[in-house]
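Engineer: following is a predicted model, sequence given first.
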Amino acid sequence: MILLNPKGDVNLHTHTYYCDGKDSPETLVQRAIALGFRALGFSGHEYSSFDTDFCMSPADTEKYRGEVLALKEKYKGQIDIYLGIERDYFGDGDDYPYDYVIGSLHYVKAGDRYLPVDYTEEITAAVVEQYFGGDFRSYVESYYRTLADVVEKTRADIVGHFDLITKFNEGYKYFDEGAPWYREAALTALREVARSKPIFEINTGAMARGQRTKPYPADFLLEEIDRLQCQIILSSDCHDLDCLDFGFEGVIKLWGKS
């Protein structure tokens with residue numbers, strides 16, 4: 001397996017205070033330069049009208065674009081800056097020509113309700129109990145059935161945190177990720193997504209927040225991504241400048257060579 005950023009000097013999954021991140025774009029650029037990065041890509045959460053808690057508003061999206069584009073010029077010659085977006089499967093979307101799109105799935109849908117998979121463990125448990133009769137298998141399979149066409153739906157260049165559904169399942173607390181049904185659901189979705197040959201990310205974001213001990217996606221999924229000859233990039237899903245390169249060194253030791 002060959003990473004697109006084997007030196008850990010690029011991060012394309014970066015959030016600012018325009019959505020649910022903590023820092024300004026320029027503060028993050030300065031941190032990236034201090035770390036010796038050669039490139040930094042911003043990927044604010046695109047507007048989703050049904051859930052505005054974490055995403056950029058339309059007005060802030062305009063400010064975000066303008067600021068990142070200005071920083072591209074200001075820091076030219078010091079670091080390459082890219083204007084991207086993280087587009088949810090169920091998000092509103094737009095036709096702005098971003099440098100790249102990260103396509104992600106943050107919800108499962110039950111009837112006309114969009115149910116978050118990554119807010120808190122307590123919310124996830126309540127969602128499964130109320131809308132899936134406590135059946136985590138049904139919940140997980142719903143997620144992967146939807147995820148299968150995430151590239152087509154979001155026009156993604158990069159697929160974000162593929163197995164996000166496991167965020168609160170450390171130690172297989174709620175379901176067995178080694179079970180045949182689980183692997184079939186995940187691999188079926190992966191193979192469908194891979195038909196478009198997107199870039200997949202190794203995402204250390206949940207590790208940075210203390211929710212996981214390993215990055216997304218699981219090893220068996222990474223091995224299948226490699227077998228299917230899709231490209232892979234390491235990202236931190238940064239929401240805090242102190243975590244801009246979180247976990248990169250360890251991942252590179254494991255996956256940074258062919």
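Structural biologist: Alright, I've got the coordinates.
Engineer: in the protein, what residue spans correspond to strands?
Structural biologist: Secondary structure of the chain (DSSP state E): strands at 10-11, 39-45, 80-88, 100-104, 107-110, 113-116, 158-159, 199-203, 232-235.
Engineer: take those and lay them out in JSON lines including mean neighbour count.
Structural biologist: From N, CA and C alone the C-beta is placed, and that goes for glycine too. Converted to JSON lines, the strands of the chain look like this (neighbours: other C-beta atoms under 10 Å):
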{"stretch": "strand 10-11", "mean neighbour count": "26"}
{"stretch": "strand 39-45", "mean neighbour count": "25"}
{"stretch": "strand 80-88", "mean neighbour count": "23"}
{"stretch": "strand 100-104", "mean neighbour count": "24"}
{"stretch": "strand 107-110", "mean neighbour count": "19"}
{"stretch": "strand 113-116", "mean neighbour count": "16"}
{"stretch": "strand 158-159", "mean neighbour count": "26"}
{"stretch": "strand 199-203", "mean neighbour count": "25"}
{"stretch": "strand 232-235", "mean neighbour count": "23"}
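Engineer: ok now the longest helix seen in the chain, how far from the chain's centre?
Structural biologist: Ranked by number of residues, the top helix in the chain under DSSP state H is helix 58-74. The chain centre lies 21 Å from the centre of helix 58-74; the measure is C-alpha atoms, centre = their mean, to the nearest Å.
Engineer: mean confidence for that helix?
Structural biologist: Mean pLDDT, helix 58-74: 98.
Engineer: so which elements touch that helix?
Structural biologist: Based on contacts counted as 3 or more C-beta pairs under 8 Å, 6 or more residues apart in numbering; DSSP states H and E, the elements that helix 58-74 packs against are helix 25-34, strand 39-45, strand 80-88.
Engineer: mean pLDDT for the ones you listed - can I get that in JSON lines?
Structural biologist: Below are the helices and strands packed on helix 58-74 laid out as JSON lines (pLDDT from 0 to 100):
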{"stretch": "helix 25-34", "mean pLDDT": "98"}
{"stretch": "strand 39-45", "mean pLDDT": "98"}
{"stretch": "strand 80-88", "mean pLDDT": "98"}
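Engineer: same list (the ones you listed) but as CSV, adding distance to Thr146.
Structural biologist: What follows is the helices and strands packed on helix 58-74, written out as CSV (distance: least, C-beta to C-beta, whole Å):
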stretch, distance to Thr146
helix 25-34, 31
strand 39-45, 18
strand 80-88, 11
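Engineer: quick one, which of the ones you listed gets closest to Leu4.
Structural biologist: Closest to Leu4 of the helices and strands packed on helix 58-74, according to C-beta to C-beta: strand 39-45, at 10.6 Å.
Engineer: tell me what the closest one is packed against?
Structural biologist: Helices and strands touching strand 39-45, by 3+ C-beta pairs under 8 Å, 6+ apart, are strand 10-11, helix 25-34, helix 58-74, strand 80-88, strand 100-104.
Engineer: reformat these as TSV; add distance to Ala218.
Structural biologist: Below are the helices and strands packed on strand 39-45 laid out as TSV (distance: least, C-beta to C-beta, whole Å):
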stretch	distance to Ala218
strand 10-11	21
helix 25-34	28
helix 58-74	32
strand 80-88	21
strand 100-104	17
